[in-house]
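S.K.: Sequence first, predicted coordinates after that:
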Amino acid sequence: MTSWEDALDALVRDRGAALVRYAALLTGDPREAEDLTQEALVRTFARARGSLREPAAVEGYVRRAILNAYLDGHRRRRLWAGVRHLVARAESDPGHEGASDDRTDVEVALGRLAPRLRAAVVLRFYDDLTVPEIARRLGVSDGAVKRYLHDGVAALEQLLGPVRAVPDHEIDLTPSGRL
């Protein structure tokens, strides 16, 4: 096998579940997260086949591809929303039941955030990136990231209640932990 094939196999075997969980935090939908992760892997490895110099850095490339694919998909959905009324559709949309209002789950709350807010919150609190790093990834200013984080945390607090500081010894960092 070539080095890129080895890197792909190792990444999927060792970090695949973590990448899907990361995508699920962005999308709010486990099935969409799997599709997004697969799309990001294809994008990353299709481009890197001949030029994979640092296999250890591949996870970062895939995470960036997940974020880009998520943001690209949101742009497409927003465009579609503007013309959807022009297309005939059924009265009811089977299989698309709304989430109950009393459900105060973090994943549901993240799903209610605007995509940019959700991306900033996930990058900050899940990936533990700094404001300048988030700004570079999203292609916006540091000030915009601070606004996204402020608005995102405020919205989460409104949905979930006040955020309390959790001592490090109470945080479950095991891979088997839930999203």
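M.R.: Done, it's in.
S.K.: Torsion angles phi and psi at residue 127?
M.R.: phi -90, psi -10 (degrees, to the nearest 10).
S.K.: So residue 140: helix, strand or coil?
M.R.: Using DSSP: H, G, I helix; E, B strand; the rest coil, the structure places residue 140 in coil.
S.K.: ugh, typo on my part, it should be residue 40
M.R.: helix.
S.K.: Quick check: closest non-adjacent residue to it.
M.R.: Among residues not flanking residue 40 along the chain, residue 65 sits closest, at 3.6 Å (C-beta to C-beta, 6 or more residues apart in numbering). C-beta here means a position set from N, CA and C on the backbone, and glycine is covered the same way.
S.K.: Surely residue 73 touches residue 36?
M.R.: Yes. The pair residue 73 / residue 36 is scored as a contact, 7.4 Å apart, by C-beta atoms under 8 Å.
S.K.: Which one's more surrounded, those two?
M.R.: Between residue 73 and residue 36, counting by other C-beta atoms under 10 Å, residue 36 is the more crowded of the two (24 against 17).
S.K.: quick one: what helix or strand has the more buried one in it?
M.R.: Element membership of residue 36, judged by DSSP states H and E, is helix 30-48.
S.K.: what does residue 8 give?
M.R.: helix 3-27.
S.K.: so who does the nearest residue in space to residue 149 that is not next to it in sequence touch?
M.R.: Closest residue in space to residue 149, ignoring its immediate chain neighbours: residue 120 at 5.3 Å, by C-beta to C-beta, 6+ apart. Counting by C-beta atoms under 8 Å, 6 or more residues apart in numbering, residue 120 touches 134, 138, 145, 148, 149, 152.
S.K.: just wondering, since we're on residue 43, how far is it from residue 151?
M.R.: Distance of residue 43 to residue 151, given as C-beta to C-beta, to the nearest Å: 29 Å.
S.K.: How about residue 22?
M.R.: Residue 22 is 21 Å from residue 151, by C-beta to C-beta.
S.K.: between those two, who's got more neighbours?
M.R.: For residue 22 and residue 151, the more surrounded residue by other C-beta under 10 Å is residue 22, and the numbers stand at 26 against 16.
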